[in-house]
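Engineer: all I have is the shape, not the residue letters:
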């Protein structure tokens, strides 16, 4: 094996590590062992929809991370990323005779849950699945802050700015449904041609500020921003910290409450805040994958031996899984355990063969 191939493997492992960290940021913020139902309507959590138990044509339902593992293992699941203010539906009246194995005492319906076409594996205004085997266009999907649907970048009605991963997006439909947001957009949103990520230091119109005494009610920021409005067209991108600039006067609080947007001024509601929480919890947990550090500390001979073993195992695992795919069978955790147990047994035979001077064919 060449030096280039060795470096290539390290690169692959590094990429796997990055993907694992991204997944951990989403999953580590949710409990993988206990159903979240007793917590009520969880502020934000990782959610799944089970196409096996609640297929299209029936009632939409969502299950928590723990139930996706315990109650729906081997089922056809739609990954919903995260949703806010949701209570786990697993095993309730929408699931017929299927009961939750982690928490059985549940109401038939969670009245405050909100559902969308996402729960049936459809996304964006085009209502296509993701990943979409028929879509040949390379495009990113971006989640709307309000409706929490995922939309293709090309279906947002405008250009996607740079550093979009640091920004939040509100789709055009949600902006039009909450017309007052266009006023904020004229002053706080990221310009369509810009990748800027900072919120202005203070009011966009400082000349309109007025001093007030302690007895006066807070001025309405929305009223101070006045009649300047962004042209109602396309999705709007908002930079980090924009929520803290929203007005909190009693009138505006009432407006947000009436629109079901009381969460909007809350910076901890953001997906980024949820991911940071998951990252902190992941850092506090014991390290699970020392492979990269171990590989880098070995000499070249040992590295090559491990790489050969890694490639052999990867090839055998691929063949193993392809047999299930060809027969249309679902791979269970027991099947995976059996595969690795046979790998361990073969390895022990090889070690024993070397110890007594013999080698076994495998």
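Structural biologist: Cool, the structure landed. These figures come from a predicted structure and were not determined experimentally.
Engineer: residue 56: neighbouring residues, count only.
Structural biologist: A total of 12 residues lie near residue 56 under the criterion other CB atoms under 10 Å. C-beta coordinates here come from the backbone N, C-alpha and C atoms, glycine included.
Engineer: actually residue 165, not the one I typed
Structural biologist: The number of residues packed near residue 165 is 9, by other CB under 10 Å.
Engineer: what do you get for residue 244?
Structural biologist: Other residues near residue 244 number 11, with proximity taken as other CB under 10 Å.
Engineer: quick check: phi and psi on it?
Structural biologist: The phi/psi pair for residue 244 (degrees, to the nearest 10) reads phi -70, psi -10.
Engineer: over to residue 64: give its phi and psi.
Structural biologist: Geometry field for residue 64 lists phi and psi as phi -80, psi 180, criterion degrees, to the nearest 10.
Engineer: no, scratch that, I was asking about residue 81
Structural biologist: According to degrees, to the nearest 10, residue 81 has phi 70, psi -110.
Engineer: contacts only, for it.
Structural biologist: Contacts for residue 81 (CB atoms under 8 Å, 6 or more residues apart in numbering) come out as 26, 46-47, 143, 150, 271.
Engineer: same check, this time on residue 255
Structural biologist: Residue 255 is in contact with residue 180, counting by CB under 8 Å, 6+ apart.
Engineer: in which helix or strand does it reside?
Structural biologist: Per DSSP states H and E: residue 255 is located in helix 250-258.
Engineer: report the next helix or strand after that helix in sequence order.
Structural biologist: Remark: after helix 250-258, the chain's next helix or strand is helix 271-284, criterion DSSP H and E.
Engineer: does residue 158 touch residue 232 like I think?
Structural biologist: No - counting by CB atoms under 8 Å, residue 158 does not reach residue 232; the two are 11.7 Å apart.
Engineer: which parts of the stretch 51-200 of the chain are strands?
Structural biologist: 63-64, 77-86, 141-143, 150-152, 168-170 (DSSP state E, counting those that start in this stretch).
Engineer: just so I know, which of these lies nearest residue 283?
Structural biologist: strand 77-86 (19.5 Å; CB to CB).
Engineer: could you check the angle helix 271-284 makes with the closest one?
Structural biologist: Counting by axes from the mean of the first three to the mean of the last three CA atoms, to 10 degrees, strand 77-86 lies at 110 degrees to helix 271-284.
Engineer: begin at 5 from now on, thanks
Structural biologist: Yes, from this point I'll number from 5; that puts the last item at strand 81-90.
Engineer: for the most centrally placed residue in the chain, give its distance to residue 154.
Structural biologist: Centroid-nearest residue in the chain, with CA atoms, centre = their mean: residue 85, separated by 3.4 Å. Computed as CB to CB, to the nearest Å, the residue 85 to residue 154 distance reads 8 Å.
Engineer: shared neighbours of these two, which are they?
Structural biologist: Going by CB under 8 Å, 6+ apart, residues that sit against residue 85 and also against residue 154 are residue 147.
Engineer: break this protein into its domains for me.
Structural biologist: Per automatic domain parsing, the domain ranges recorded for the chain read 35-124, 145-205+222-269.
Engineer: same list (the ones you listed) but as JSON lines, adding distance to residue 343 and mean pLDDT.
Structural biologist: Shown next, in JSON lines, are the domains of the chain (distance: least, CB to CB, whole Å; pLDDT from 0 to 100):
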{"stretch": "domain 35-124", "distance to residue 343": "16", "mean pLDDT": "96"}
{"stretch": "domain 145-205+222-269", "distance to residue 343": "33", "mean pLDDT": "89"}
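Engineer: between those, which one is closest to residue 344.
Structural biologist: The closest of the domains of the chain to residue 344 is domain 35-124. By CB to CB, the value is 17.3 Å.
Engineer: roughly how far out does that closest one sit from the chain middle?
Structural biologist: A distance of 16 Å separates the centroid of the chain from that of domain 35-124, by CA atoms, centre = their mean, to the nearest Å.
Engineer: now for it, what's the gap between its first and last residues?
Structural biologist: Domain 35-124 stretches 24 Å from its first residue to its last (CA to CA, to the nearest Å).
Engineer: name the nearest residue to residue 78, ignoring sequence neighbours.
Structural biologist: Excluding its sequence neighbours, the residue lying closest to residue 78 (CB to CB, 6 or more residues apart in numbering) is residue 334, at 4.5 Å.
Engineer: hang on, isn't the one you found packed against residue 81?
Structural biologist: No - with contact defined as CB under 8 Å, residue 334 does not reach residue 81; the gap is 11.9 Å.
Engineer: show me the helices in this structure, by range?
Structural biologist: 7-31, 69-74, 176-181, 185-192, 225-229, 254-262, 275-288, 295-300, 304-331, 337-359 (DSSP state H).
Engineer: got the buried residues for the third one?
Structural biologist: Right, the one you point to is helix 176-181. Across helix 176-181, burial judged by 16 or more other CB atoms under 10 Å covers 176-179.
Engineer: likewise the fifth one?
Structural biologist: The neighbour-count criterion (16+ other CB under 10 Å) identifies 225-226, 228-229 as the buried residues of helix 225-229.
Engineer: report the contact partners of residue 146.
Structural biologist: Residues in contact with residue 146 (CB under 8 Å, 6+ apart) are 154-155, 157, 160, 164, 168, 173, 239.
Engineer: what about the residue nearest to residue 37 when sequence neighbours are not counted, neighbour count?
Structural biologist: Spatial nearest neighbour of residue 37, excluding adjacent residues (CB to CB, 6+ apart): residue 70 at 5.7 Å. Residue 70 is flanked by 23 other residues according to other CB under 10 Å.
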